[in-house]
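Colleague: predicted model, plus sequence, below.
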Amino acid sequence: MVLAVKEENRLQTLDHVPFPNFSLTLRNLLLHEIAEDVLNETPIINQLAAQLKDEIRIFPIRKKEVFINVAGVDAGSQIIPLASRQYAIIGALVYRLPNCERFFLSPESIVQNYNESKNMLSTVVNLRREAKLFETAYQFLENYPDTELVLVDGPLAFSNWWWNGCEDGERRRLVDSINQLLFHCRDNDILLAGIVKRPSARYLLHYLGLVNEMGLNDVSVLHKVLSSGERTDIFSPQTALRIAAKNSYFMDVIDCPIYSFYARMSPEWNVPPIRIDLPVYSLGYIDDIAGYCYSTSLWQGIPLPIVRADEEVKVSRKFIADVYSEILARVGREGGEFSQLVPYWGEGGWMGV
């Protein structure tokens, strides 16, 4: 109370406030910096785009749906930060067209104390979420062997980030789950593709030797190169990693060569190209896979099976807030002690407190 009175008296003695509107100050900063960056980068991007056009072939994509039973696979997670410890939940789901079959394995949870800094929870969650996705896809195909094409929401080509900063067991689980799905699809003549909706890598630029000091990524350049319904030629992300970092730790233990191409599926200016990763045994069907993705990309340039899987598996903050309210009610009925359920500072709003 005393501090509040002192602060009020201090404000009353000020002749002016240096920054009367904090939001306006932030707006001016963003407006200046982002606009300046874009204006400075544009000539460089245009130059890289012209060079890229000379270095790689561009192919048209024809809309066609030669596949009938197509599955989309996605995974979801959410971290629940309480004052006592952190909880995380992870799940994955397969959605298959045209009959709208849904398949999932039992979700799993992770509990971590805040002092366990050697394994950051977000890193563990990322690895387990990806492993859960591939494990779920494999189990689904065991039950639905007539599936023709599986579209995974995420990469099949992994950067070296996935090799660092985690325990061997977590890394091994992810590697084993990827290899298991790759082998199963190969041995059962099931096509497989990874759909990277928001690619940020520089694989293609490194692969072609078009590195730049500004750190521009593939998509920032390809947005200038590709028109809707066009794709690049294939390239090897593993080779690109070896060029850029002299090694490709994670890809070296994936027991099947992976190739990639970029494709632009939407004419909207604000929808960038996506990256599609294919195992080597799916390359003979590249036009069919690209054509199916283009034909079904009805929303934000994303193939329909991926959109449906994402809708079904999404773990929203509102959902967690509703569950949190139920937890409070149960603890209140059975014990009456709420101290361990206090949300971490700043999280109470979205958790409904």
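Modeller: Structure's in. What do you need? Numbering: from 1, shown residues only.

Colleague: hmm, who's touching the helix or strand hosting residue 102?
Modeller: Per DSSP states H and E, residue 102 falls inside strand 101-104. If you take Cβ atoms under 8 Å, 6 or more residues apart in numbering as the criterion, strand 101-104 is touched by 91-96, 136, 139-140, 143-144, 312-313. Quick note: C-beta positions are derived from backbone N, CA and C, even for glycine.

Colleague: report the buried members of these.
Modeller: Listed as buried from these are 91-96, 136, 139-140, 144, 312-313; burial here means 16 or more other Cβ atoms under 10 Å.

Colleague: okay, the residues you listed in JSON lines with distance to residue 82 next?
Modeller: Shown next, in JSON lines, are those (distance: Cβ to Cβ, whole Å):
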{"residue": "91", "distance to residue 82": "20"}
{"residue": "92", "distance to residue 82": "25"}
{"residue": "93", "distance to residue 82": "26"}
{"residue": "94", "distance to residue 82": "31"}
{"residue": "95", "distance to residue 82": "32"}
{"residue": "96", "distance to residue 82": "37"}
{"residue": "136", "distance to residue 82": "28"}
{"residue": "139", "distance to residue 82": "32"}
{"residue": "140", "distance to residue 82": "33"}
{"residue": "144", "distance to residue 82": "39"}
{"residue": "312", "distance to residue 82": "27"}
{"residue": "313", "distance to residue 82": "24"}
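
Colleague: give me the subset of the residues you listed lying in helices.
Modeller: Mapping the buried ones among the contacts of strand 101-104 onto helices (DSSP state H) picks out 136, 139-140, 312-313.

Colleague: coming back round to it: now the two most distant members of the buried ones among the contacts of strand 101-104.
Modeller: 91 and 144 (18.7 Å; Cβ to Cβ).

Colleague: nearest residue to residue 146 other than its sequence neighbours?
Modeller: Counting by Cβ to Cβ, 6 or more residues apart in numbering, residue 69 is the residue found nearest to residue 146 once chain neighbours are left out, at 5.6 Å.

Colleague: hang on, the earlier thing: any chance of the contacts of strand 101-104 in a markdown table, plus pLDDT and distance to residue 294?
Modeller: Formatted as a markdown table, the contacts of strand 101-104 follow (pLDDT from 0 to 100; distance: Cβ to Cβ, whole Å):
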| residue | pLDDT | distance to residue 294 |
| --- | --- | --- |
| 91 | 96 | 29 |
| 92 | 97 | 26 |
| 93 | 98 | 24 |
| 94 | 98 | 22 |
| 95 | 98 | 19 |
| 96 | 98 | 20 |
| 136 | 98 | 26 |
| 139 | 98 | 29 |
| 140 | 98 | 24 |
| 143 | 96 | 29 |
| 144 | 97 | 24 |
| 312 | 94 | 23 |
| 313 | 95 | 24 |
